[in-house]
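**Student:** okay, predicted coordinates and the sequence, questions at the end:
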Amino acid sequence: MLLKLYVGVVAALAAAAATAVAMSTHVPHPAHPGVLVMLGAMLGLTEFLQVRQYHYRGHGASHNLIEGVLAPLVFVAGGPEAMLIAAVALGVADATRGAAPLKTLFNVSQWTLAAAAAAGVLDVLSPARNGGAVDILALAAAMLTMSLVNHVALDIVLALAMREQGERPSRSVALNGVVSRLIANGASLITGLTLVGAYLWSPWLIAVGFVFVIGLDAAGRAHANVRADSMRLEALQSATHSLATSLDLHEGLPSFLQEVRRGFEAHDVELVLLAESGATVYAVSDIAVLGEALCVDRHPLAELIASRIVEPARFVAGEDSDIGGLLAATRHSSVIAAPLRTGGVTLGVLFLYDRMGIEGFERGELQIVDALAREVVGFLERATLLQAIDDERRKLADIIGNTSDGIFSIAADGTITSWNAGLAAMTGYAAEEIVGTRHFGMLRPRDSVGRDVLMERWTDLLDTPGAVPTDLQIMSSSGETVWLSCSYSRIPAGASSGDVLVVVARNVTQARELERLKDDFVAVVSHELRTPLVPIKGWAQTLLNRGDRLNDDQRRTAVQSILSQAQKLESLVLNILEASRIEAGRVDNEGVADVVSITARLVEDTLSSRPDRQIRLRPPAVPCQVKGSAIWVERSVSNLIANAIKYSPDEEPVDVVIAADGDDVTVSVTDRGPGIATEAQERIFDRFERLEETRKQTGTGLGLYITRRLARTMGGDVTVSSVPGAGSTFLLRLPMAPVSASSVVVPEQRPTDKAVGQNGDNVVRLH
Ligand code: ADP
């Protein structure tokens, strides 16, 4: 609207100026009509050829020699005729070119106005026009005035046109404009002065102007083409360079788009990658570079273009197509869209919105965009492939890094080429210490019979059966023996490396130890089970053969021995059963147990089989019940009393004290035996653990292990305090159960051959 108003104002001004000039100026020497026709034709040709320094799709300004031809026309024909000829010539030329009516009107008005101004200046400065130096100066001044009018009118119209389309001129266009205006003005000045000079020499010589116009047109086009070609080349080169130097999608594409935008002088550049789940958009605009890709659900324009075209094409906003409609919705006026295609599939679209820039570029731009689109496709394929390789590599590294198995590889010359975290954990040697060295030997690898294994020479040994053993014994960095079960794979030589031996090693130290323990256990148990049987059998035989000849004491000794051995056997079997139940996870810890009655009965039972021993039981002042299975409590206390009896001299008493301690009930069993060294005090609670110094006593190493497992399952624990040489105290601590009258368990009375005495200090002495 504003633009139309402005053109109207210029037209009105031109009409007013023309009238004023017609009324006030005169021509001293009217020219030959043929010369005027020639100048008119020259002016029309100049406008028609549009010798442009920069221009793109209606934007920018045309610079031509119009001033250079119009000035002689004004000089030769005078104001009114010159304006008439100019108006007709320019009107015809614009109409022939197919320029828009508004543009034609503006052109004609603008030049009429400029011509009127020039005529006025000329008339004032050189009214006589007698061919002297004054004429030349007056002509130069008239031309400058013309240029001034022209530039002002043109700049205003340009600014209005751009404002109307919501665009900003690019810097390069602006710069180019200034430079080209200076050149064009210079050329026009020379042309004008030369033509007037030629005319003054001989009027028909003015025809030389055609040479100027045509020559400048050719030179201008050649120059524009050369510039466009170098710009094209530069754009192509810098854009492809940014793809070639990057393998990362997120880094490569934004810098590529930046280069494309720069090269094409586009306002916005966008790369849309289409996928079933949505679209990923990389964008660079004159405002910002989108560093991160933007994920959108849909990109209607890209989808439409991908379904319509297979080669780059230009579209204009609002043009009669659905693409033109969608483009208008993006607030862009034009776009070059290039589908990214590979194997008949469109991966996405490259968009160059609102391209500006120099003339000549547009002739080859589609081909360049096509080349760039292909580059992007190649880049995407490369990046995807690389991503896939990288993902696989990462996955493999994760697997190797996180597996508990040890994996290492060793080259043909014995150099260790890889060493995973699992192996580092097993051996105590980190990858940094060992990779790149030939020091596998520092692990002192041996086979199961203790022979050294020269792993570095695997290429010689691999074919000899057993030379690289499956079970490998090594020494860890802390000096511990580690057993590895190994499998070997020979990887044939690749392009850049020789044969490699890959070894997968599993730490079987514990399994082997368990195996050994099991063997020991079977040996111990079979021995332990047999040991009590010998006296039982012996005494039973004696009673059978000579029972009638034995006196009462002898018989009692025999029966007591059988009883005591049978109790040992029972205890042993119960321990083994309990151990296997614990191992199998079958635990049943229900109910409430009365610690006092259980302990008293155990003491009685022990004394009945070992009447030679003395056990001092100190019961608590209050009833003591614990939460848990009575059988477990019995097993635990029984193990502690049995050990105290077993590991302390016959003449030494054993003290058993039951007490309430806060929320717990404690049972302490104190002996005066050999005691337990501090460093062994935790170890004795391990499975099958037996101390060397007590080996002459029979045992399985299961009692304390079971006691602790049971105590902990019940929410308590068992600990030991001991002074080697003075004796040991085992303390069983179990959580107390709230006492209710109905739940008090009365100890079952058993007939014993020793009376249970009670004295004042509440100590029950059984002996
Ligand atoms: P076992 O008595 O059948 O060998 P235990 O698990 O009950 O198995 O005991 C483990 C080891 O702890 C015993 O072999 C012994 O070396 C040591 N030990 C247990 N109780 C005592 C004690 N009262 N005095 C000294 N050593 C003991």
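**Tutor:** Done, it's in.
**Student:** now the residue of the stretch 551-700 of the chain found nearest the ligand, nearest residue through space, not along the chain?
**Tutor:** Residue nearest to the ligand within the stretch 551-700 of the chain: residue 699 (2.5 Å; C-beta to the nearest ligand atom). Where C-beta positions appear, they are placed from N, C-alpha and C, glycine not excepted. The shortest distance from residue 699 to any residue that is not its chain neighbour, by C-beta to C-beta, 6 or more residues apart in numbering, is 5.8 Å, and that residue is residue 690.
**Student:** for the one you found, give me its contacts.
**Tutor:** Residues in contact with residue 690, defined by C-beta atoms under 8 Å, 6 or more residues apart in numbering, are 699-701.
**Student:** quick revisit: tell me the SS of the residue of the stretch 551-700 of the chain closest to the ligand?
**Tutor:** Of the three states, residue 699 takes coil according to DSSP: H, G, I helix; E, B strand; the rest coil.
**Student:** could you pull out the strands for the stretch 651-767 of the chain?
**Tutor:** Defined through DSSP state E, counting those that start in this stretch, the strands belonging to the stretch 651-767 of the chain, from first to last, are 654-661, 664-670, 717-723, 727-735, 757-758, 764-766.
**Student:** relative to strand 664-670, how tilted is the first one?
**Tutor:** It refers to strand 654-661. In terms of direction (axes from the mean of the first three to the mean of the last three C-alpha atoms, to 10 degrees), strand 654-661 departs from strand 664-670 by 160 degrees.
**Student:** now for strand 654-661, which elements pack on it?
**Tutor:** Packed against strand 654-661 by the contact rule (3 or more C-beta pairs under 8 Å, 6 or more residues apart in numbering; DSSP states H and E) you find helix 595-609, strand 615-618, helix 630-647, strand 664-670.
**Student:** what's next to it, contact-wise?
**Tutor:** 595-596, 599, 603, 613-620, 622, 624, 641, 644-645, 648, 665-671, 733, 736.
**Student:** now the residue nearest to residue 699: how far from residue 680?
**Tutor:** From residue 690 over to residue 680 the distance is 10 Å, taken as C-beta to C-beta, to the nearest Å.
**Student:** just residue 361 next, same as before
**Tutor:** Taken as C-beta to C-beta, the spacing of residue 361 relative to residue 680 amounts to 91 Å.
**Student:** kindly report the same for residue 87.
**Tutor:** Counting by C-beta to C-beta, the gap between residue 87 and residue 680 amounts to 121 Å.
**Student:** could you report the pLDDT at the residue of the chain most remote from its centre?
**Tutor:** Farthest-out residue of the chain from its mean C-alpha position, per C-alpha atoms, centre = their mean: residue 549, at 93.2 Å. Predicted confidence (pLDDT) for residue 549: 88.
**Student:** what does the one 3 residues further on give?
**Tutor:** At residue 552, the predicted lDDT confidence score is 88.
**Student:** now swap in residue 764 and tell me
**Tutor:** Model confidence at residue 764, expressed as pLDDT, equals 44.
**Student:** returning to what we had before: residue 361 and residue 680: which is more packed in?
**Tutor:** Residue environment comparison for residue 361 versus residue 680 gives the larger neighbour count to residue 361, 23 against 16, counting by other C-beta atoms under 10 Å.
**Student:** residues near the nearest residue to that one once chain neighbours are set aside, how many?
**Tutor:** Here the nearest residue to residue 361 in space, its sequence neighbours aside, is residue 228; by C-beta to C-beta, 6+ apart that works out to 4.2 Å. Burial of residue 228 is recorded as 19 neighbouring residues (other C-beta under 10 Å).
**Student:** separation between residue 228 and the ligand?
**Tutor:** In this structure, residue 228 and the ligand are separated by 96 Å, where distance is defined by C-beta to the nearest ligand atom, to the nearest Å.
**Student:** that residue sits in which helix or strand?
**Tutor:** Secondary-structure assignment from DSSP states H and E places residue 228 in helix 208-244.
**Student:** so how far is the longest helix anywhere in the chain off the chain centroid?
**Tutor:** For the chain, the longest helix by residue count, based on DSSP state H, is helix 361-402. Here helix 361-402 is found 17 Å from its chain centre; the criterion is C-alpha atoms, centre = their mean, to the nearest Å.
**Student:** still on that earlier bit, so the residue nearest to residue 361 versus residue 364, what's the distance?
**Tutor:** In this structure, residue 228 lies at 7 Å from residue 364, with C-beta to C-beta as the measure.
**Student:** and for residue 723?
**Tutor:** Using C-beta to C-beta, residue 723 is found at 101 Å from residue 364.
**Student:** okay, these two: which has more neighbours?
**Tutor:** The residue with more neighbours, out of residue 723 and residue 364 and counting by other C-beta under 10 Å, is residue 364; that gives 15 against 11.
**Student:** identify the residues contacting the residue nearest to the more buried one when sequence neighbours are not counted.
**Tutor:** If you skip the residues right next to it in sequence, residue 364 has residue 232 as its closest partner in space, 5.8 Å away by C-beta to C-beta, 6+ apart. Taking C-beta under 8 Å, 6+ apart as the contact definition, residue 232 lies against 263, 361, 364-365, 368.
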